[in-house]
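> Pasting a predicted model and its sequence here:
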Amino acid sequence: MSGEILGADGMPINSNLNELTGVNGYHPDSKNGASEAHGIDDGIRDIIILGSGPAGLTAAIYAARANLNPLVLEGPQPGGQLTITTDVENFPGFEDPIEGPELMEAMRKQAIRVGTDVKQDWVSEVDLSHRPFTLRSHEGNTYHAKTLIISTGASAKWLGLPSEAALANRGVSACATCDGFFYRGKDVIVIGGGDTAVEEALYLTRLCNSVTLIHRRDSLRASKIMADRAMQNEKMRFIWDSVVEEILDVSKGEVTGVRIRNLKNAQVSEVPAAGVFIAIGHQPNTSLFKGQLDLDDNGYICVTNGMRTGIPGVFAAGDVHDTVYRQAITAAGMGCMAAMDAIRFLEAEEATHHHAAPSFAPVLVTT
Ligand code: NDP
């Protein structure tokens, strides 16, 4: 899949890359020596969109329908966070719940149908110091864009324990809706104290025998309505003021529980469980832009006046800058806004250029 560009007909168009780019003849899937090391150069695009969640694909639909033939670079998690959810019930237009991956596949096909090129390539470096902006990928490909829409989203945070990494997908998960099913009738643990943790925990109470929420403070950060709901749920248990020291049992290759330490009395204890769900929030995928764009204290991209960042021609949409709403529908709305901002930016630039350029064309005088 990697390196595949899909054209407006939904068919791979890698073989047309030379025509598309006029460059060195490298086919991403070919094994052809020297050119392989340098990758392709995609030429200059009006709009490149980084990320293919609801924000990126909606931006693509709007840009494509404005005849700008945008390129979407899908990155490491094509389709974004919705691809790791099951039922989506709050995206308007679907009477019955739609699966997250199905919704994203429909958006992707729609974007391609109206004229978007989609490529799975992981950008590792951006240069926003001058236009056209330059992007380089791990595969050695180079892209240039007159405008850039950043919709790289956010990723689940992890505790950072070696045992957590060793047992990932073997009982450790960051997505209850994806993995809860495997723990039907069992005892599970959720780590965290915010809305994500409570939402995950409440979801798991529908499937599991018991859900123990372990939080490092003595009260929930979650909104009152969610916290009340959790407190009143008879399948919920709470362990306060405690941090996880280790997820057990790496030697067995499966989760059997956690070892925790109480922060107030330093007491260490073990809590048995078949699954551990880490729900301590998300971090924006913005490391690429550090030092080039204004980021807030938590690393989210700052935008003003619509979806504009501090660099003219660079726009940000969706969870990469949204610390408040974080919904698929709001991300899609912001993707639309970013595309409209980018389209107007290009139009204004073209108009200025047009007026500024001296005209040497002969003037046809009619009588
Ligand atoms: P939050 O930042 O709100 O909460 C993260 C929680 O995890 C906090 O309780 C924090 O502890 C804890 N935590 C963070 N790092 C660690 C760590 N290393 N070890 C142990 N615990 C840790 O993130 P959420 O994802 O929960 O929510 C983010 C935003 O999204 C909020 O605005 C929330 O309201 C919203 N949201 C809304 C939902 C809804 O309305 N349905 C659903 C999900 C999210 P501490 O409290 O000590 O900082």
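Sure, I can see it. Residues are numbered from 1 along each chain as shown.
> And the pLDDT at the one residue in the stretch 51-200 of the chain that gets nearest to the ligand?
Proximity of the stretch 51-200 of the chain to the ligand (C-beta to the nearest ligand atom) peaks at residue 194, 2.4 Å away. Backbone N, C-alpha and C define where each C-beta goes, glycine included. Note for residue 194: predicted pLDDT of 93.
> Quick check: it touching residue 219?
No. Judged on C-beta atoms under 8 Å, residue 194 makes no contact with residue 219 at a distance of 11.5 Å.
> between the two, who's got more neighbours?
residue 194 (17 against 11; other C-beta atoms under 10 Å).
> Quick check: phi and psi at the more buried one.
Dihedral pair for residue 194: phi -100, psi -170, per degrees, to the nearest 10.
> Once you drop chain neighbours, what's closest to it?
residue 221 (4.7 Å; C-beta to C-beta, 6 or more residues apart in numbering).
> Could you pull up the residues touching the one you found?
193, 194, 195 (C-beta atoms under 8 Å, 6 or more residues apart in numbering).
> what number of residues lie near the first one?
By the other C-beta under 10 Å criterion, the neighbourhood of residue 193 contains 24 residues.
> for the ligand, what are the nearby residues on this protein?
Contact residues, the chain versus the ligand (C-beta under 6 Å from any ligand atom): 159, 191-197, 199, 216-217, 221, 223, 243, 280-282, 326.
> Which ones among the residues you listed map onto strands?
Assignment to strands by DSSP state E places the following of the residues of the chain next to the ligand there: 191, 243, 282.
> quick one, what contacts the closest residue in space to the last one that isn't next to it in sequence?
What sits nearest to residue 282 in space, not counting adjacent residues and going by C-beta to C-beta, 6+ apart, is residue 154, at 4.0 Å. Applying C-beta under 8 Å, 6+ apart, one finds that residue 154 lies in contact with 81, 282, 283, 284, 285, 319, 320, 326.
> So for the last one, what's the nearest residue that isn't a sequence neighbour?
Same thing as residue 326. Closest to residue 326 by C-beta to C-beta, 6+ apart is residue 319, at 5.5 Å.
> Run a quick neighbour tally on that neighbour.
Neighbours of residue 319 using other C-beta under 10 Å come to 28.
> now the one 5 residues further on
Neighbours of residue 324 under the rule other C-beta under 10 Å: 6.
> That one: which element?
Secondary structure assignment for residue 324, by DSSP states H and E: no helix or strand.
> Got the phi and psi for it?
Dihedral angles (degrees, to the nearest 10) for residue 324: phi -110, psi -50.
> and if you look at residue 227?
Dihedral angles (degrees, to the nearest 10) for residue 227: phi -60, psi -40.
> any idea how far the ligand is from it?
11 Å (C-beta to the nearest ligand atom, to the nearest Å).
> give the contact list for the nearest residue to residue 134 once chain neighbours are set aside.
Nearest non-adjacent residue to residue 134, counting by C-beta to C-beta, 6+ apart: residue 127, 4.3 Å away. The neighbours of residue 127, taking C-beta under 8 Å, 6+ apart as the test, are 133, 134, 135.
> tell me the secondary structure for the last one?
Pointing back at residue 135 there. strand (DSSP: H, G, I helix; E, B strand; the rest coil).
> That one is in contact with residue 152, isn't it?
No. Using C-beta under 8 Å, residue 135 is not in contact with residue 152; the gap is 11.8 Å.
> Show me the shaky parts of the stretch 1-150 of the chain.
Applying pLDDT under 70 to the stretch 1-150 of the chain flags residues 1-38, 84-86.
> Could you rerun that using 80?
The model of the stretch 1-150 of the chain has pLDDT under 80 over residues 1-38, 84-89.
> Quickly note the distance from the residue nearest to residue 171 when sequence neighbours are not counted to residue 329.
In space, residue 171 comes closest to residue 255 once its chain neighbours are excluded; the distance is 2.7 Å by C-beta to C-beta, 6+ apart. According to C-beta to C-beta, to the nearest Å, residue 255 stands 34 Å off from residue 329.
> Neighbour count for the two, which is higher?
residue 255 (24 against 15).
> how about that one, what does it touch?
So residue 255 contacts 167, 170, 171, 172, 247, 248, 249, 273, 274, 275, 276 (C-beta under 8 Å, 6+ apart).
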